[in-house]
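K.L.:
Quick one: sequence and predicted model below, then my questions.
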Amino acid sequence: MHILLSYNVIGDIQYKNRYNGFNGELDFFKWFRANRSKPTCEGGVFIPLIDTDDSFEEAIYVLVVPNLIQDFHLKQLQVAKPLSKRGQYLVSYDSNEHIEDWNYLKIEGLTDKSIPYPSSLKIFTLLEDSLTELSISELKDRTGIKSAFHKKANINDSLKLHFINKLTQYDYEDILSTYLTRFILDGIFTRTNISRKVQRGAPLDVDSFVFGKNEKWNILEIKEKDLSASGCFGMDVRRINSLQKLAKTFSTKAFYIVRKINNQIDREFVTWRIISMDNFDKFASRNTVEGGTGMRSTKSSNPTRLCKESLFKDM
């Protein structure tokens, strides 16, 4: 994971942001299994195959899941068709395979070593509503992707070890799922090719689905955040619009879940808060503020809408 991120972030700020995002999601999955009985299902990632901020433009949908393949996995691919016109793909793997039996993917420009992945990993494409198996090279040929790494961010060992230690509290299966999704996105579908030509745009990942009281698979957006100075939680405008469009396509609801932390430095857990995206969109300020840059440059613009914490509910 460290190698994947080091070649796919600008610097340590973006590196921290990525791992803090992982922490919020991993902690939620751990908490949910201990406190709720509703079934959950993995979500996929939309990857636009052109240079764009619209995650659905010329996009594919890739869903990474452990064996066995479930009915809703296939249903996701089918429903995602209108938003992923360049294709739908499912990646499966055996979560019990020992890491010593893994294969290695060589990426152009990688000077450290090859990137490991399970030898049990299989790739399928959706053709006429059924799955057809592909090799990694066939996946690249179909999508026109040529994986390449360029400049490696200078991440010090103490920061690397900090996040390794932080993530050891989580289940191996959850960490493995997170890693393999990043393997597909940051290892295979790299932003640029060896000639530094941009070959994909801004991706959109679906953090999870949960089967709700409405008898539907609802979309979950999970973030780790502290309160703004005005007592609000924010979300960037692009993400709000994408989640609403996604919920409409899936004929379901989307929910925003916040792992509330005390501050940006200590990042100690306070509580879980939740709001439907319909209510967030309804009550959040129409006036935007400049939000955090996330994985972008610190000079980039990220218009964000704020919603009072009092409108969120405790989980």
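P.N.:
Great, that's in hand. Numbers count the residues shown, from 1 in each chain.

K.L.:
Scan the chain for its longest helix.
P.N.:
helix 12-35 (DSSP state H).

K.L.:
quick one: buried residues of it?
P.N.:
Across helix 12-35, burial judged by 16 or more other Cβ atoms under 10 Å covers 13-29, 32. (Glycine included, C-beta is placed from N, CA and C.)

K.L.:
Ok, stretch 88-104 next?
P.N.:
88-93, 95, 102.

K.L.:
average pLDDT for it?
P.N.:
On average, the pLDDT along stretch 88-104 is 97.

K.L.:
try stretch 198-208
P.N.:
On average, stretch 198-208 scores 97.

K.L.:
i'd like the first residue to be 36 from this point on
P.N.:
Okay, residue one is now 36; in that scheme the one you just asked about reads as stretch 233-243.

K.L.:
What ranges does this protein have for its helices?
P.N.:
Using DSSP H, helices in the chain cover 37-41, 47-70, 106-114, 171-178, 192-202, 207-217, 272-284, 312-318.

K.L.:
For the residue located most distally from the centre of the chain, which non-adjacent residue is closest in space?
P.N.:
Among the C-alpha atoms of the chain, the one farthest from their average position, using Cα atoms, centre = their mean, is that of Ser265, at 28.1 Å. Once flanking residues are discounted, Ser265 sits nearest to Leu341: 6.6 Å by Cβ to Cβ, 6 or more residues apart in numbering.

K.L.:
Can you get me a residue count around that neighbour?
P.N.:
Leu341: 18 surrounding residues under other Cβ atoms under 10 Å.

K.L.:
pretty sure it is touching Ser263, no?
P.N.:
Yes - between Leu341 and Ser263 there is a contact under Cβ atoms under 8 Å: 6.1 Å.

K.L.:
Please enumerate the shared neighbours of these two.
P.N.:
Gly269 (Cβ atoms under 8 Å, 6 or more residues apart in numbering).

K.L.:
returning to what we had before: for the buried residues of stretch 123-139, which one is nearest Val272?
P.N.:
Checking the buried residues of stretch 123-139 against Val272 with Cβ to Cβ, the nearest one is Gln123 at 26.8 Å.

K.L.:
can you give me the strands for the stretch 86-235 of the chain?
P.N.:
Assigned by DSSP state E, counting those that start in this stretch, the strands in the stretch 86-235 of the chain fall at 94-101, 123-128, 138-140, 150-152, 157-162, 165-169.

K.L.:
Show the average pLDDT along the longest one.
P.N.:
What it means is strand 94-101. 98.

K.L.:
And stretch 111-124, end to end?
P.N.:
For stretch 111-124, the first-to-last residue distance is 10 Å (Cα to Cα, to the nearest Å).

K.L.:
buried stuff in that stretch?
P.N.:
In stretch 111-124, counting by 16+ other Cβ under 10 Å, buried: 111-112, 114-115, 118-119, 121-124.

K.L.:
pLDDT weak spots in the stretch 36-185 of the chain?
P.N.:
Scanning the stretch 36-185 of the chain for pLDDT under 70 picks out no residues.
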